[in-house]
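1. What shape does this take:
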Amino acid sequence: MATRPYEGEPAPAFSLQGKNGDTVSLSDYSGKIVVLYFYPADDTPGCTKQGCSFRDLSAEFAAANAVVLGVSPDDAASHEAFAAKYALTFPLLSDTDHAVAELYGAWKEKNNYGRKYMGIERTTFVIGKDGNIAKVFGRVRVDGHGDAVLNFVKGLI
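-> Here you go, the predicted model:
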């Protein structure tokens, strides 16, 4: 299991499946600010609230020359249904083998009522135009998170 990359380090490169089977790579967004957020599962209460928060702020992220990318272990069909149900306008990427989550240190042992298992620890990375990690938001709490990320991104421009 990889350790989480530090702020100031180059963001690990990746390519994942997006909508309609298209491959989305971090390099596709060279020269832009990338908000890369890892979330546990489509269409669950916290993940829905988080996704809708980023959706509601999408015009402001775009004005800051930033793109939002969501990553979870769900498959493309699940992502497409989730995006359609909540009108999510940004790419949701399938990391079914959790390789990218591991690369970013977001794949962790979790404990739920004494049951231990591996899963996504809700984590957001802001990747600067230079391709380096500008900010890591670890162990994210959903309430107010979209605004906190947007405020950070606005500080980069």
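
2. which residues touch stretch 124-144?
-> Stretch 124-144 is contacted by residues 4-11, 26, 30-38, 46, 49-50, 53, 65, 104, 121-123, 145, 148-149, 152-153, 156 when judged by Cβ atoms under 8 Å, 6 or more residues apart in numbering. All C-beta atoms are positioned from the backbone trio N, CA, C, and that covers glycine.

3. Helix or strand for Glu109, just tell me which one.
-> Glu109 is located in strand 107-112, with elements delineated by DSSP states H and E.

4. The helix or strand following that strand pairs with which strands, and in what direction?
-> On the C-terminal side of strand 107-112, the nearest following helix or strand under DSSP H and E is strand 115-120. Partner strands and pairing direction for strand 115-120 (DSSP bridges) are strand 107-112 (antiparallel).

5. Show the average pLDDT along the strand it pairs with.
-> Averaged over strand 107-112, pLDDT sits at 92.

6. One more: stretch 81-96?
-> 97.

7. Below-threshold pLDDT in this protein: ranges please.
-> Scanning the chain for pLDDT under 70 picks out the ranges 1-2.

8. Tell me where it has strands.
-> Applying DSSP state E to the chain gives strands spanning 15-17, 23-25, 33-38, 66-72, 92-94, 107-112, 115-120, 123-127, 133-137.

9. quick one: the fourth one to strand 33-38, angle?
-> Between strand 66-72 and strand 33-38, the angle comes out at 20 degrees (axes from the mean of the first three to the mean of the last three Cα atoms, to 10 degrees).

10. circling back to that earlier point, please pick the buried ones from the contacts of stretch 124-144.
-> With neighbours counted using 16 or more other Cβ atoms under 10 Å, the contacts of stretch 124-144 contain these buried positions: 4-5, 11, 26, 33-38, 46, 50, 53, 104, 121-123, 145, 149, 152-153.

11. separation between Val67 and Lys108?
-> The spacing between Val67 and Lys108, counted by Cβ to Cβ, to the nearest Å, is 25 Å.

12. I'd assumed Phe54 was in contact with Asp147.
-> No - taking Cβ atoms under 8 Å as the definition, Asp147 is not a contact partner of Phe54, at 10.4 Å.

13. If you count surrounding residues, which of the two has more?
-> A count of neighbours by other Cβ atoms under 10 Å puts Phe54 above the other of Asp147 and Phe54, at 22 against 13.
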